[in-house]
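Engineer: Attaching a predicted model along with its sequence, questions to come.
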Amino acid sequence: MFSSFTVSGASLQVLNVGDRGTISRFTRSDPSTLSQIQSLGLNQGQEIAVTQRHPNFRVSTEDEHLTLPPSLASAIYVRLAGPD
């Protein structure tokens, strides 16, 4: 039986407000989705934090605050940062 269980990464879409981490990969490889993500300035290795989930999904990076549609939030996989 497992005595403890931790999650080290997840889709950005399932994270809670205040969760933060580093973009580790993009789970969709279609060119349109990747182009949209990159046009927002989001790249692998970049730190990101969830600031709002409803009514819109909002995140912050070192440089800006962004509103993401669900399709893009679900395509971004984040390696979670540990607690402060």
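Structural biologist: Noted; the coordinates are in hand.

Engineer: so residue 46 sits right up against residue 63, yeah?
Structural biologist: No - contact criterion Cβ atoms under 8 Å: residue 46 and residue 63 do not qualify, at 9.3 Å. C-betas here are computed from N, CA, C, even on glycine.

Engineer: Those two: who's more crowded?
Structural biologist: Relative neighbour count places residue 46 above the other of residue 46 and residue 63, with 14 against 8, counting by other Cβ atoms under 10 Å.

Engineer: How about the more buried one, nearest residue that isn't a chain neighbour?
Structural biologist: Spatial nearest neighbour of residue 46, excluding adjacent residues (Cβ to Cβ, 6 or more residues apart in numbering): residue 23 at 5.0 Å.

Engineer: How about the helix or strand where the one you found lies, which residues are buried there?
Structural biologist: Here residue 23, judged by DSSP states H and E, is contained in strand 20-26. Using 16 or more other Cβ atoms under 10 Å as the test for burial, strand 20-26 gives 20-21, 23, 26.

Engineer: re the thing from before, list the contacts for the residue nearest to residue 46?
Structural biologist: 42-48, 76-79 (Cβ atoms under 8 Å, 6 or more residues apart in numbering).
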